[in-house]
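Novice: Sequence isn't available, so here's the structure alone:
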C-alpha cells in the first residue's frame with residue numbers, strides 16, 4: 001500500500017495521471033461538441049398531412065370509401081341525394097361516415113382523405129431554442145416512436161412566419177411568454193412506407 005501511495009506521489013506519475021484525465025476530458029468534450037453543435041433538437045414533433053374533406057347535403061344512399069383504403073382520382077366515394085361524389089385526387093381514406101341511409105350535411109365531413117406524399121414532419125419549437133438558425137433547405141433527421149431503431153431523412157421546407165397563439169410556455173424568472181413556432185420538414189413517403197399520418201416523432205435540424 002505504501003509503495004502504491006509513494007508511486008502516486010511521484011511527480012512523473014502525477015503528470016501522467018493529469019495528462020490522462022485531461023485527454024479524457026478533452027475527448028469527451030469533443031465528442032459532446034460534435035454530437036450537439038450545429039443542430040437543433042425538436043422533440044415535440046408529429047407526422048402530419050393536410051386533411052381533404054368531402055361533404056354533401058342529402059340522403060346517403062351509398063358509401064364506397066373505406067377507411068384505410070387508397071383511392072385514385074375519379075373513384076366513386078359516395079352517393080348522396082342522387083349525386084355521385086368522386087375523389088378529386090389520388091389519396092388515402094382516413095375517415096368515412098357510417099350513416100348510410102341517413103341524412104348528411106355540408107357541416108360535417110362525409111369522407112376525409114390525405115395525400116401520403118404531402119405528409120411532413122411538423123415540430124413545435126420555443127423561439128429561444130434555436131429558431132433563429134433554422135432555414136428552408138437544411139437537412140433533417142427524424143425518428144418515429146412507432147418505429148424504434150430507425151432514422152429517417154428529409155429537409156426543412158417551411159418555418160411558420162407566426163407563433164402558435166394557443167400555446168405559450170412561461171419563464172419563471174421573467175414571467176414573459178415564450179412563443180412557439182412550427183417547423184415543417186418534407187420527406188419522401190414512398191421511401192418510408194411504414195410512416196403513418198399522426199405518428200409522434202422527434203426531429204433534428206442540421207443547421208450547417
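Specialist: Received, thanks. The model shown is predicted, which means the values in this text are computed figures rather than measured ones.
Novice: Kindly list the single helix or strand of the chain that scores lowest on mean pLDDT.
Specialist: The weakest-scoring helix or strand in the chain, judged by mean pLDDT, DSSP states H and E, is strand 168-170 (a mean of 49).
Novice: From the contact counts, what lies against the helix or strand just after it?
Specialist: For strand 168-170, the following helix or strand on the C-terminal side (DSSP states H and E) is strand 177-186. Secondary-structure packing of strand 177-186 (3 or more C-beta pairs under 8 Å, 6 or more residues apart in numbering; DSSP states H and E): strand 120-126, strand 152-159, strand 168-170, strand 200-206. Just so you know, the C-beta spots here come from the backbone N, C-alpha and C atoms, and that holds for glycine as well.
Novice: Could you rerun that using 10 Å?
Specialist: strand 39-48, strand 120-126, strand 139-144, strand 152-159, strand 168-170, strand 200-206 (3 or more C-beta pairs under 10 Å, 6 or more residues apart in numbering; DSSP states H and E).
Novice: and among those strands, the most buried is which?
Specialist: Of the helices and strands packed on strand 177-186, the one with the most neighbours on average (mean count of other C-beta atoms under 10 Å) is strand 120-126, at a mean of 21.
Novice: Am I right that residue 45 is in contact with residue 144?
Specialist: Yes. Look at residue 45 against residue 144 with C-beta atoms under 10 Å: they come within range, at 9.2 Å.
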